[in-house]
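Visitor: A predicted structure for the sequence below; I have some questions about it.
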Amino acid sequence: MHLTHSEDVEISFPPKILRLPMVKERTGLARSTIYLKISQGEFPKPISLGDRSVGWIEEEITSWIEQRIQSSRPTNEVINGNETKQQSSDRENALTSDNSINSKQDEKAIEEMREESFELHPKTPAF
């Protein structure tokens, strides 16, 4: 059977159910903390899988983790090595407003480095 890719076709998989050990591993929370947060309405409720068995819907756990990440990061923080727009704008403004000062300082620093380099490595006469 040959399947072709089409933008109109959406493949969906049934929800995956996670048992408690996997939920603990994914969240880093202890069993007692998970159940405490459930009772406080701060964590997804499990679904019944049988008489004495429960599980959590993977998407709900993933969403909870993503919400924790978003709520714990300031809006202007660097995430994954990327500057936020505000940080980039602030940096550009600082560079352009100090451009004339920086270029003079840069020229002076470059000249000093050249002088130091010449002192350390004077040209040797050719024989």
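Guide: Looks like it came in fine.

Visitor: C-alpha only now, for contacts and for neighbours.
Guide: Will do.

Visitor: Which residue ranges of this structure form helices?
Guide: 20-27, 31-39, 58-72, 85-97, 99-120 (DSSP state H).

Visitor: Can you flag the weakest of those helices by average pLDDT?
Guide: Looking at these, the lowest mean pLDDT belongs to helix 85-97 (a mean of 58).

Visitor: Kindly report the domain assignment for this protein.
Guide: 17-72, 85-120 (automatic domain parsing).

Visitor: Quick one, which of the ones you listed gets closest to residue 9.
Guide: domain 17-72 (21.3 Å; C-alpha to C-alpha).

Visitor: And that closest one, end to end?
Guide: 26 Å (C-alpha to C-alpha, to the nearest Å).

Visitor: can you pull the contacts of residue 34?
Guide: When the contact criterion is C-alpha atoms under 8 Å, 6 or more residues apart in numbering, the partners of residue 34 are 24, 43.

Visitor: Grab the nearest non-local neighbour of residue 55.
Guide: residue 19 (4.7 Å; C-alpha to C-alpha, 6 or more residues apart in numbering).

Visitor: Count the residues that sit near the one you found.
Guide: 16 (other C-alpha atoms under 10 Å).

Visitor: what pLDDT does it get?
Guide: 97.

Visitor: Show the contacting residues for it.
Guide: 54-56.

Visitor: which one of those residues has the most neighbours?
Guide: residue 56 (21 neighbours).

Visitor: So for the residue nearest to it when sequence neighbours are not counted, what's the pLDDT?
Guide: Spatial nearest neighbour of residue 56, excluding adjacent residues (C-alpha to C-alpha, 6+ apart): residue 46 at 4.6 Å. Note for residue 46: predicted pLDDT of 98.

Visitor: next one: residue 56
Guide: Value for residue 56, per-residue pLDDT: 98.

Visitor: who touches it in this structure?
Guide: If you count contacts by C-alpha under 8 Å, 6+ apart, then residue 56 has 17-20, 23, 44-47 around it.

Visitor: Which one of those sits in the busiest neighbourhood?
Guide: Top of the contacts of residue 56 by neighbour count (other C-alpha under 10 Å): residue 23, with 21 neighbours.
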